[in-house]
Structures are given as structure tokens and as C-alpha cells.
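S.K.: need coordinates for the below:
(one chain, ligands or ions: 1)
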Amino acid sequence: MDVSTETDNQPPATTYKRVMLKISGEALMGDQGFGLHPPTVQRIAREVKSVHDLGVEICMVIGGGNIFRGLSGSAQGMERTTADYMGMLATVMNALAMQSALEDLGVFTRVISAIRMDEVCEPYIRRRAVRHLEKKRVCIFAAGTGNPYFTTDTAATLRASEMKCEAIFKGTKVDGVYDKDPARHADAKRYDHVTFDDVLARRLGVMDASAIALARDNNLPIIVFSLDEPGGFRGILAGRGTYTKVEG
Ligand code: UDP
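M.R.: Numbering: from 1, shown residues only. Modelled structure (predicted):
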């Protein structure tokens, strides 16, 4: 991959044409511990715009864990599928917040839902979504896969496969995949590269097992990087910065 600097005001070269950015709902809550923190949403929107400015076609999936998670609902006695549908609806709220922040920056954005809610956003129609991407609109895929018992990591992998993205960029709080939790262990070691099978066998906690298996079966690399690093997403697209690449 081409690597260049931005010192001479030239945008960095990137070989990526179409990518999926997956972020958890918690990435949008700032330090609040719950819900949406608009300045944080705006900060992430600026990161997305900086990559969009390079001409890269961007798909996004945003989780819903900052608002509601099906598993925790069912642990407290709710019927699981109902709780999961509530989780999926939470992802729609996050997607709308991100759409609003991106459009404030002049980036045309479509929210595309796996569950029909025509007054709010578009239904998922694959060819239509591809057309949006070709027209350089950011596509935010909401409501997960539309099915209970899945996660938005699986939704990101599924949509990335359908949209023929070259990679999934998983923005997290840490700059890659570690052998143990770097927040709790000072000697935790970051991997530059791991295989899908390593992630599954060693339960490395990149994404849930269904998402990893789907990415493996579709040869879709996952790049884990820190979303807290300003300019991090754009840098990683140009091959700079620290990250872990998960692939075959
Ligand atoms: N969910 C679901 N099917 C999907 C995607 C999500 O049922 O295809 C529900 C599930 O209850 C999940 C919640 O939506 O807990 C929020 O998604 P997720 O936990 O993946 O969000 P994140 O952890 O990324 O914020």
C-alpha cells in the first residue's frame, strides 16, 4: 500500500476504494456512561469526513450498546427476541445521530435499515445501497441484520460482504488486538497481524465468533484501530499508525 505524508498538504494516498467502518454504540456516549454525546458523535463524523474527502466510499454500522443490549434485557427477565428488537431500534437512533452530524459537515448520508420504517429511513435494498456508494454517499446500515440473536459485528460483516468492501475497519478504544486486556495488564502485547483462526481459537475478543467466521469465509480482512486517536482513521487508510490486521 502507498504510504505518504501530509506535510506538503497533499492528501495521503490510499489504495482502498470501499470500506466498512464498524463502531460500537458505546463509542458515541463519550464519558457519560449512557446514551448519545453529540460532541463525540460530531468528532467521529469529522474522522469519517476526512476519509470521505480522500474519495473512499464509506459504509458504516453503528452498534446500539449505549442505549440497549438484548442480552442484558433478557438477563433481567425480558423475552429475548423482543429485547433484541429493542437493541436493533437503538442502532437506528445512533445511525440517525451520525447522519445528522455528517450532513452538518456537508457529507450526504443515507440511513438504510434492515427493518422497514419508511418515514424514518430507507429500507435495505442492495442495489440501491451500491448506487448510493457510487454516488459517494455514506451509507449507514441500521437495525443490524434485522434478526434477533445476532450482533452488529455480524451485521457489519454481512453488509461489508454484500457491498464488496475491501476491509472492515473496527474502531475501538484501543489501537489493536492484544493478548490480554491492555487496560488491566501493563505487559499486554499488541499483535500486528493475527489470523481469523487464532482469533477464534484464542477467543481474542475482536468480534463475536459468527462475525469472525463470516469474515473468514468471505476473505474480508478486519483492521482494528483506535478511534480515539485524532486523524487515526484517515492515517490507517494510508497505511500509517498502529493497528492489528486480522486476515486469513
Ligand atoms: N441486535 C440484534 N440483531 C442484529 C444486531 C443487533 O438482535 O443483527 C441487537 C442485540 O440485542 C444487540 C443490540 O441489537 O445487543 C445492539 O447491538 P450490539 O450489541 O452489536 O451493539 P454494540 O455492542 O456494537 O454497541
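S.K.: hey, which helix is longest across the chain?
M.R.: Longest helix of the chain, by residue count under DSSP state H: helix 80-104.
S.K.: any buried residues in that one, and which?
M.R.: Buried residues in helix 80-104, defined by neighbour count with 16 or more other C-beta atoms under 10 Å: 83-99, 101-102. All C-beta spots, glycine's among them, are computed from the backbone N, C-alpha and C.
S.K.: and that helix with the ligand, contact?
M.R.: Yes. Against the ligand, helix 80-104 shows contacts by C-beta under 6 Å from any ligand atom at 84, 87-88, 90-91.
S.K.: reformat those residues as a markdown table; add pLDDT.
M.R.: Putting the residues of helix 80-104 next to the ligand into a markdown table (pLDDT from 0 to 100) gives the following:
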| residue | pLDDT |
| --- | --- |
| Asp84 | 97 |
| Gly87 | 98 |
| Met88 | 98 |
| Ala90 | 98 |
| Thr91 | 98 |
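S.K.: out of those residues, which is nearest to Asp31?
M.R.: Ala90 (19.4 Å; C-beta to C-beta).
S.K.: so where do the strands sit in the protein?
M.R.: All strands of the chain, identified by DSSP state E, fall at 18-23, 57-62, 109-113, 122-123, 138-142, 167-172, 177-178, 190-191, 193-195, 222-226, 244-247.
S.K.: dump those into CSV; add mean neighbour count as well.
M.R.: Listed next are the strands of the chain as CSV, based on neighbours: other C-beta atoms under 10 Å:
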stretch, mean neighbour count
strand 18-23, 24
strand 57-62, 26
strand 109-113, 22
strand 122-123, 16
strand 138-142, 28
strand 167-172, 24
strand 177-178, 22
strand 190-191, 16
strand 193-195, 15
strand 222-226, 23
strand 244-247, 20
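S.K.: how long is stretch 209-225 from one end to the other?
M.R.: Start-to-end span of stretch 209-225 (C-alpha to C-alpha, to the nearest Å) is 19 Å.
S.K.: do stretch 201-219 as well
M.R.: 18 Å.
S.K.: that one: which residues count as buried?
M.R.: For stretch 201-219, the neighbour count (16+ other C-beta under 10 Å) marks 204, 206-207, 210-216 as buried.
S.K.: what do you get for stretch 122-139?
M.R.: Judged by neighbour count using 16+ other C-beta under 10 Å, the buried positions of stretch 122-139 are 122, 124, 129-130, 132-133, 137-139.
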